[in-house]
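Engineer: Next comes the sequence, and after it the predicted model I'd like to discuss.
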Amino acid sequence: MKLAAVATGVCLGLALAVSAVDAAQTQGSASWYGGKFHGRTTASGERFNQNAYTAAHRQLRFGTRVCVQNKINGRGVTVRINDRGPFTRGRIIDVSKAAATRLGMVSRGTAPVNVRILKSNAKPGRAC
């Protein structure tokens, strides 16, 4: 299926990165970060704001919008990738405190999630 997605992208003249195809929809564990990182510089060079709808991902390009959906309660939120991480084994994404609140995962600290790449004009903070 990944090969078909790459072949389709090539036929349409689109430049698709293999890592973007691999991460087009993934499942795994999400965690959140805030407090002590608030105001620090992210890997993208911008200041981390725990009240913004942002996230850290190991491979996706900065600025990529993704839908993160909590598999336990079905809540989803759009976030923008602006940092690298998570650096804990078994986790696929770290979301800001604001996103974690919308996902209902602040008290648990982690949640099983689906992560799906969205169109670049998707507004962070919107339900998805």
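Structural biologist: It's in.
Engineer: Can you show me the strands along the chain?
Structural biologist: 25-33, 54-56, 65-70, 76-83, 91-96, 110-117 (DSSP state E).
Engineer: So what's the gap between the shortest one and the chain middle?
Structural biologist: Translated: strand 54-56. 6 Å (CA atoms, centre = their mean, to the nearest Å).
Engineer: Likewise for the fourth one?
Structural biologist: Its chain's average C-alpha position is 5 Å from that of strand 76-83, according to CA atoms, centre = their mean.
Engineer: List the neighbouring strands of that strand plus their orientation.
Structural biologist: Strand 76-83 has its sheet partners listed here by DSSP bridges as strand 54-56 (parallel), strand 65-70 (antiparallel).
Engineer: same question, the last one
Structural biologist: Sheet pairing of strand 110-117 (DSSP bridges) gives strand 25-33 (antiparallel), strand 65-70 (antiparallel).
Engineer: Please apply the same query to the fifth one.
Structural biologist: Strand partners for strand 91-96, identified by DSSP bridges, are recorded as strand 25-33 (parallel), strand 54-56 (antiparallel).
Engineer: Only alpha carbons, please: show that strand as CSV.
Structural biologist: C-alpha atoms of strand 91-96 as CSV (Å, rounded to 0.1, in the frame of the first residue of the first chain):
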residue,chain,number,x,y,z
ARG,A,91,5.6,7.1,22.0
ILE,A,92,4.9,8.6,18.6
ILE,A,93,3.9,12.2,19.4
ASP,A,94,4.2,14.8,22.2
VAL,A,95,1.4,17.3,22.2
SER,A,96,1.2,20.6,24.0
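Engineer: Touching it from outside, list them.
Structural biologist: 26-34, 48-58, 66, 68, 77, 79, 83, 85-86, 103, 110, 113, 115 (CB atoms under 8 Å, 6 or more residues apart in numbering). For the C-beta atoms, the positions are set from N, CA and C on the backbone; glycine is no exception.
Engineer: again, only this time at 7 Å
Structural biologist: The list of residues contacting strand 91-96 from outside it, by CB atoms under 7 Å, 6 or more residues apart in numbering, reads 26, 28-34, 50, 52-57, 68, 79, 85-86, 103, 113, 115.
Engineer: so where's this structure shaky on pLDDT?
Structural biologist: Scanning the chain for pLDDT under 70 picks out the ranges 1-23.
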